[in-house]
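Asker: here is a sequence together with a model predicted from it:
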Amino acid sequence: GAGVSQSPSNKVTEKGKDVELRCDPISGHTALYWYRQSLGQGLEFLIYFQGNSAPDKSGLPSDRFSAERTGGSVSTLTIQRTQQEDSAVYLCASSLSGVTYNEQFFGPGTRLTVL
Amino acid sequence: DQQVKQNSPSLSVQEGRISILNCDYTNSMFDYFLWYKKYPAEGPTFLISISSIKDKNEDGRFTVFLNKSAKHLSLHIVPSQPGDSAVYFCAASESLGDMRFGAGTRLTVKP
């Protein structure tokens, strides 16, 4: 596809369960970013990948959050033992390069609801 | 630690008038600034950007102004159109990859 895609679009889970969110960036984009948007809040930076490595993990809110990227393409964000405060829209973005200031292209997001 | 702040959660403007959205930042190391527009149920889309070596960048109806000494930037939309109704996010970047976003301002343009 031409844009960033994310799956699932919606996820409802029970507190304590693990969830995995997927992001397919635009082909050829080496930089990939994860953000989350909680109700009434702005975009909160979570993690940034340049290729398969993550030079900036400073935004991950706790050790229950982890992310990986393989093959310089698809990325997964995993949340273990989900809590109700994890409920948010998780947005993925990609850009041509993280080396220069490139416009980020966002996916539609995954809406996570933790009951 | 909110390094990028949009203090107005909402703004309502009449069609044809100017919309002015404001953004303040605290990190003096930020040197690239962007505005994104977001419609409901969609991801943000890039609108316009400015680097710190400039104080103004114009693209059609959209102009971004940067005041580095005040650590303030603004987005002007003129004339405003109903299709401009969306949430606008201000973003700032210091270096490689890391971009910080404000909380957003919901713009409503009334016909």
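Answerer: On my side now, so go ahead.
Asker: the residue nearest the centre of chain A bridge partners, please.
Answerer: For chain A, the residue nearest the mean C-alpha position is A:Trp34 (3.2 Å; Cα atoms, centre = their mean). On the basis of DSSP bridges, A:Trp34 is bridged to A:Ile47, A:Cys92.
Asker: quick check: it touching A:Ile79?
Answerer: No - contact criterion Cβ atoms under 8 Å: A:Trp34 and A:Ile79 do not qualify, at 11.0 Å. In short, each C-beta sits where N, CA and C put it, glycine included.
Asker: ok so, going back, what separates the residue nearest to the centre of chain A from A:Lys57, distance-wise?
Answerer: 10 Å (Cβ to Cβ, to the nearest Å).
Asker: got it, and A:Glu85?
Answerer: Per Cβ to Cβ, A:Glu85 is found 19 Å from A:Lys57.
Asker: how far does the lowest-mean-pLDDT helix or strand in chain A sit from the chain's center?
Answerer: The helix or strand of chain A with the poorest confidence is strand A:53-56; it has a mean of 78 (mean pLDDT, DSSP states H and E). The chain centroid and the centroid of strand A:53-56 are separated by 13 Å under Cα atoms, centre = their mean, to the nearest Å.
Asker: following it, which helix or strand shows up next?
Answerer: Downstream of strand A:53-56, the first helix or strand assigned by DSSP states H and E is strand A:65-69.
Asker: tell me where chain B has strands.
Answerer: With DSSP state E applied, chain B shows strands at B:4-5, B:10-14, B:19-25, B:32-38, B:45-51, B:56-59, B:62-67, B:72-77, B:86-93, B:99-101, B:105-110, listed in chain order.
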